[in-house]
Structures are given as structure tokens and as C-alpha cells.
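Engineer: Take a look and give me a structure for this.
(chains A and B)
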2 protein chains.
Amino acid sequence: MIRIAIVGFGTVGQGFAELLERKREEIRKKIGEFKVVAIADSKSSISGEFSIDEAIKMKREEGRLRDDRKADELIDEVDFDILVEATHTKLDGGSGLSYIKKALKKGSHVITSNKGPLVADFEGLMTLAEKKGVKLMYEATVGGAMPVIKLIKRYLAFCEIESVRGILNGTCNYILSRMEEEGLPYEQILNEAQELGIAEADPTYDVEGIDAAAKLIIIANTIGVDAKFEDVERVGIRKITPEAFNVAEEKGYTIRLIAEVSKETLRVSPRLVPLSHPLAIKGTMNATMFKTDTAGNIFVAGRGAGKEETASAMLSDLYDIYVSN
Amino acid sequence: MIRIAIVGFGTVGQGFAELLERKREEIRKKIGEFKVVAIADSKSSISGEFSIDEAIKMKREEGRLRDDRKADELIDEVDFDILVEATHTKLDGGSGLSYIKKALKKGSHVITSNKGPLVADFEGLMTLAEKKGVKLMYEATVGGAMPVIKLIKRYLAFCEIESVRGILNGTCNYILSRMEEEGLPYEQILNEAQELGIAEADPTYDVEGIDAAAKLIIIANTIGVDAKFEDVERVGIRKITPEAFNVAEEKGYTIRLIAEVSKETLRVSPRLVPLSHPLAIKGTMNATMFKTDTAGNIFVAGRGAGKEETASAMLSDLYDIYVSN
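Structural biologist: Have a look, this model is predicted:
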């Protein structure tokens, strides 16, 4: 019986719990029985006898869970095999970092959707996981359902990855591809994106390339480039004009916010991309191009956000924990 | 010590042996020491004391290996942990099928780059492997270095795959994308492709969609659709005219040879693809779009052929055999 504890019970945590329930039969067949033994949000929790449906209902209707016991205490006091950490991203690691450390120290595997802890202390967390003989899985932190992390670690295990170039922020890509299509100014398309719920009221985190840079740091460390968030050369998309698109298009190019890591480069910046290049992808999709020594160029794309897509990536982590050694 | 036997020692077999040698150190670190204990082609073999370099040199200079012992006998008589089967594709399975069966029956894992045996008897081979508790790996049979098989079996393990649509033949895609760009007739572009070594002197296997259909059968069976080669509705690219491209382009489309499997569909045929769609990819790349229930649409592309790319996919199989349970 795999015992799962969930901390962070907003969209991502609830989405993961719902998907566990929906896929219970497939999970049972491929890796075995599981039970969610505890769930916590920032101020409340539930453990002991409860159902996933019940916990979700409680959280939605009452804005909190049954008990006053907090995540910290829960991790200390409840026995579990996997901690699913789905709290909000804080680039200094935030409480997510301490939850993950606590769980690893207890000898529990961790699946996280939260970039913050990995950006704050990738090396420290991986060393701790290795020392304890457990796994720290983080597919959902980069590009939602787009397969990136396990592609690097497993599929390309024997390849040298010379560079990774990615479109790692769906909001920016939506804005840029709409600017390309409509020839309208940044501010106007941003307003449209905000109305559609694609951009936040304060879009800084996305449009200044902060989100993409955080993901880039996780990719960089995964391919063995020891880099910190402050090392990323970062330029956002606010200053791109419709005229820039016109000039680019005349030469057969468009403009995309590209996050790139190689031996020489660590940057997030608007770049010219040939119109026929796979990275000229439109809309909110995320996309990544891996340049390798022996597997050539490999390109992947997928939904970079979304409740189900994120949960789906986390479920692929669950699979790998139990079907790997 | 992992003992590897290789049967089929043409471009693919030699490429795999070379890559093993080149990546010896990385392989040692991640899965352990290995030794190639035997190599066979259709009429000769080498076993006992020899080096990979020596075997390749012998094959290239003398057109054969040291001993008269054939692949069949070698598989019976030599002890090994993994058979690497890299003989030429015959859709009835050919000798590759009997080599694989022999090896599985002995309790050996198998890595194959050969579509034939899987097209001829997918179900039988998988059942045999399962019965013997060994693995039959076949990433290289579909789209070279493009990640497809393990993406389905591992990354999307808990997803329902509603459809797979792919560009699975680089020769056809080269011809079609050149026709799109140049507005020239099929025959002329075919000649160009033949001169460049992208198309064979007899291009039937590629341009009639036979190769793509064989790969589609392997994908179909991997996602659980029990289908045979004869079940594929198949139309080639010979009859596509420059005018067809003109008409398509006026409406914002191009034409690609798409292999598709879903509950209702099993076909390889020229299809209209929106110019902005990822499957409108140009050149000899292979590309695949997976439509899933919870991970959304996932798109991958990569080099579908090439000695190193194929060997690289086979090496990812080697990794998975030893880093999975």
C-alpha cells in the first residue's frame, strides 16, 4: 500500500488528488494500491479516515480542511511513503522547501510541482534525496505536461546535451504569437490575455521572464549545469513593438521568448526564430528543443499549464518512482 | 557484467557497437560494466576474445567476420544477457523473428531496431517476453531518435491515448516539403532525393507508405490497439501534384503523409495539415502528435533515421532494461 501525503491544496493539489481518484484502477494495475493518508493546506489539514472527494468538498465549501494541525506538524507526525508538494512558488524556496526537506529527511519520496524549492536549492535537495536513498521528482515544475525532465534523465541518459532552447512560458508565447498575427501593440494584447485569464492582473512574473528563468534553472541543473537564478541573463517582452515583428517577418522570422542553456549561455530573452522553425509555435503551448551529440535534435511540445496536465505530469513521476530502481 | 550479443552487423549493428564503445564510461557509471561477447551477420560471426574495433574493421575490410558459425547457432551456443537484433526488415518477420524468439526463450532481454518481427507477431513476442520475465525493447523501430515508445509506455503510462498522428517516414516528408517549397512535380523531386541518397533507387517501400504503415502497426499495438499490417488503409504519395499543393496553400494548408491510429482509424495517407500546425514540419524529420485524456496534446519530433540516432535510441533501451523493474 503506497501512502501519499499532499501539502498544498489549491488548484494543483486538488487536481492531483482528483486524478489519483479517477485513475485508481490503472494505478492499482501498474504500481499497486495507494491511499491518501493526509492532506494539508497552509492553515489546516485532514488525516485519518477521510475520502479525497470529502476533502475537496470541504476545502471548496469551507475554504479549509477538518483539523487545525498544520502541514509542518503533519509531515512530522504522519507516516507516508510519498509527499506530494504542491504549494505556491516562492523563489527563495518558501515553506515548500522546508516541507520537502522534512519529508526527504524522514526517508519519504517527494513529487513536487513547485519550482521554488528547486530554484532555491537544487543541489542541496538532490544530495539529501540521494543520501536518504529516496527520489525527488519534479516533472511538473517545467512545462506542465510537456515531457522534459524524464526525457533528459532517462531517454537521453547516455547523450551529451549540448543545448536546450525552450518556450517555457505560455502567457508570453500567447502574447507574442497574437502580436505576430494581429500586428497590435503589446499593451492591447496583454489586456486581451488578462481578460481571457491567460495573463495575471500583475503580469510581471510572466512577461519579465521570471517564470521562464526559474524553469531554465531547473533544466540547467538537470543537465548538469550548476547555475543559480541570479546567473540568468533575463530580458522580458514588454518592449517588443509591432514594428519589430514587421521587420522580422520581412526576413522570414518571428519573435519568441526563448530560454536557453548551453555551456556558454544562460539566458531568457526575445529572439528571432525562423517562421518554419518548430520553436515558432503559436498560442499557449510550451516547446523545447534539445541539441544532443548522438540523438540529433529532439523537439517536444505540450500544454505548459492546466490543472489536469500538471497532475498528469505528477502522475508520471509516481509511475517512475515505482517502476525504476 | 552485462553480456551483449549483436546479430545483424550492417549500418545499424555497427553503429550500435561503435556507440557502445564511445559511451563505455557513461554506461559503466549509470548501469555497469558490459562486454560484447558475440557478433554475427547473415553468414559469419565472431565470439570469444575480440574487440569491437577489430570486428568492425574485419567486417569493413573483408565483408565478413572471423568464424563460419551463423547467428542461429551463436544464439544457441553463447551465453549473453541481451540480444541486440539489427537485421534488415522483412515484414513477414524474416530471420530476425526467429533470432528474437530464440533469445527470449533462452531468457535473454532483446533490443531490436527491426520493425519486421514486431509487425509479424507483436502479440506473440510480447507474451513470450512476459512469460520469460525479460524485456523486449524496440524504441529504434519507430522514428529513430524521436521518443515514442517509452513516451507511451512510461511517460503516458496513466493516460488514455485517444489518437496518435505521425510523420513516420523522412523520405516522404522530404519529398512533400520540397514539393511545397518548389512547386515542382513529384518525379523531379524524387530524382533529387535519390541523388541525395534520401530516397532508394526503388522508392516503393517509402513512397507507398509501407514503411510508415509498419511503424504505425507497432505504435498501434503499443497503445493497445490489436492490429495487423493488412488492416492499415494505405495510400502513398506518388499521385500528389503541384496543383494539389497550390489549392491547399490557398486555404492555409499543406499536404503531409500522416499515419494515424485511433479507435476508429488506422491509416497512412496524404492529408491536409494547417501550415501553422506542428505536423507541417519540413525536411526529413519525423514527428508525432499524441492526443491524450489528461496530458492534453503532446508533440515530439526528431531524426527518424541515421546511424547514430538509431543507435542512440537503442542505447536508451539498454538504460531502461537496467534502470526499471
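
Engineer: so where do the strands sit in chain A?
Structural biologist: Per DSSP state E, chain A has strands spanning A:2-7, A:34-40, A:45-47, A:82-85, A:109-112, A:136-137, A:161-167, A:233-234, A:253-262, A:266-274, A:285-292, A:297-303. These are given in chain order.

Engineer: any idea of the mean pLDDT in the longest helix seen in chain A?
Structural biologist: Scanning chain A for the helix with the most residues, using DSSP state H, yields helix A:115-132. In this model, helix A:115-132 has an average pLDDT of 98.

Engineer: Pull out the buried residues from that helix.
Structural biologist: By 16 or more other Cβ atoms under 10 Å in any protein chain shown, the buried positions in helix A:115-132 come out as A:Lys115, A:Gly116, A:Pro117, A:Leu118, A:Val119, A:Ala120, A:Asp121, A:Phe122, A:Leu125, A:Leu128, A:Ala129, A:Lys132. C-beta here means a position set from N, CA and C on the backbone, and glycine is covered the same way.

Engineer: And the second one, how close does it get to A:Gly94?
Structural biologist: When distance is defined by Cβ to Cβ, to the nearest Å, A:Gly116 is 5 Å away from A:Gly94.

Engineer: Over to the fifth one?
Structural biologist: According to Cβ to Cβ, A:Val119 stands 10 Å off from A:Gly94.

Engineer: quick one: contacts for A:Leu216?
Structural biologist: A:Leu216 makes contact with A:Gly166, A:Leu168, A:Val232, A:Ala259, A:Glu260, A:Val261, A:Leu266, A:Val268 under the criterion Cβ atoms under 8 Å, 6 or more residues apart in numbering or on different chains.

Engineer: Just list whatever residues bridge to the last one.
Structural biologist: Here A:Val268 sits in beta bridges with A:Arg234, A:Ala259, as judged by DSSP bridges.

Engineer: ok, back up a step: how about the strands of chain A in a markdown table, adding mean neighbour count and mean pLDDT?
Structural biologist: Listed next are these as a markdown table, based on neighbours: other Cβ atoms under 10 Å in any protein chain shown; pLDDT from 0 to 100:
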| stretch | mean neighbour count | mean pLDDT |
| --- | --- | --- |
| strand A:2-7 | 23 | 98 |
| strand A:34-40 | 23 | 98 |
| strand A:45-47 | 24 | 97 |
| strand A:82-85 | 28 | 98 |
| strand A:109-112 | 26 | 98 |
| strand A:136-137 | 24 | 98 |
| strand A:161-167 | 22 | 98 |
| strand A:233-234 | 15 | 98 |
| strand A:253-262 | 22 | 98 |
| strand A:266-274 | 19 | 98 |
| strand A:285-292 | 23 | 97 |
| strand A:297-303 | 24 | 97 |
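
Engineer: Please identify which of these is closest to B:Lys90.
Structural biologist: The closest approach between B:Lys90 and any of these, judged by Cβ to Cβ, belongs to strand A:297-303 at 29.2 Å.

Engineer: got the CA positions of that closest one in CSV?
Structural biologist: Output of strand A:297-303 as CSV, limited to C-alpha atoms (Å, rounded to 0.1, in the frame of the first residue of the first chain):
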residue,chain,number,x,y,z
ASN,A,297,17.9,17.5,-32.3
ILE,A,298,14.9,16.4,-30.4
PHE,A,299,11.8,18.6,-30.1
VAL,A,300,8.9,18.3,-27.7
ALA,A,301,5.8,20.4,-27.1
GLY,A,302,2.9,20.3,-24.8
ARG,A,303,0.4,22.1,-22.6
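
Engineer: and that strand, anywhere near chain B?
Structural biologist: Yes - for strand A:297-303, a contact with chain B is found by Cβ under 8 Å from any Cβ of the partner chain, at A:Asn297, A:Ile298, A:Phe299, A:Val300, A:Ala301, A:Gly302, A:Arg303.

Engineer: Given that strand, what are its sheet partners and their directions?
Structural biologist: strand A:285-292 (antiparallel), strand B:297-303 (antiparallel).

Engineer: and the shortest one, how far out from the chain's middle?
Structural biologist: Right, strand B:297-303. With Cα atoms, centre = their mean, to the nearest Å as the basis, strand B:297-303 stands 15 Å off its chain's centre.

Engineer: Stretch A:107-124 now?
Structural biologist: Computed by Cα atoms, centre = their mean, the chain-centroid distance of stretch A:107-124 equals 11 Å.

Engineer: Check stretch A:63-76 too.
Structural biologist: The offset between the C-alpha centroid of stretch A:63-76 and the centroid of the whole chain comes to 24 Å, using Cα atoms, centre = their mean.

Engineer: Residue numbers of the stretch 201-325 of chain A in contact with chain B?
Structural biologist: Residues of the stretch 201-325 of chain A found near chain B (Cβ under 8 Å from any Cβ) are A:276, A:278, A:281-282, A:287, A:292, A:294-303, A:306, A:308-309, A:311-313, A:315-316, A:318-320, A:323-325.

Engineer: Narrow these to those in helices?
Structural biologist: Secondary structure from DSSP H places A:Glu308, A:Glu309, A:Ala311, A:Ser312, A:Ala313, A:Leu315, A:Ser316, A:Leu318, A:Tyr319, A:Asp320 of those in helices.

Engineer: Now render the residues you listed as JSON lines, adding pLDDT and distance to B:Gly10.
Structural biologist: What follows is those, written out as JSON lines (pLDDT from 0 to 100; distance: Cβ to Cβ, whole Å):
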{"residue": "A:Glu308", "pLDDT": "96", "distance to B:Gly10": "45"}
{"residue": "A:Glu309", "pLDDT": "96", "distance to B:Gly10": "42"}
{"residue": "A:Ala311", "pLDDT": "98", "distance to B:Gly10": "45"}
{"residue": "A:Ser312", "pLDDT": "97", "distance to B:Gly10": "40"}
{"residue": "A:Ala313", "pLDDT": "98", "distance to B:Gly10": "39"}
{"residue": "A:Leu315", "pLDDT": "98", "distance to B:Gly10": "41"}
{"residue": "A:Ser316", "pLDDT": "97", "distance to B:Gly10": "36"}
{"residue": "A:Leu318", "pLDDT": "98", "distance to B:Gly10": "41"}
{"residue": "A:Tyr319", "pLDDT": "97", "distance to B:Gly10": "36"}
{"residue": "A:Asp320", "pLDDT": "96", "distance to B:Gly10": "35"}
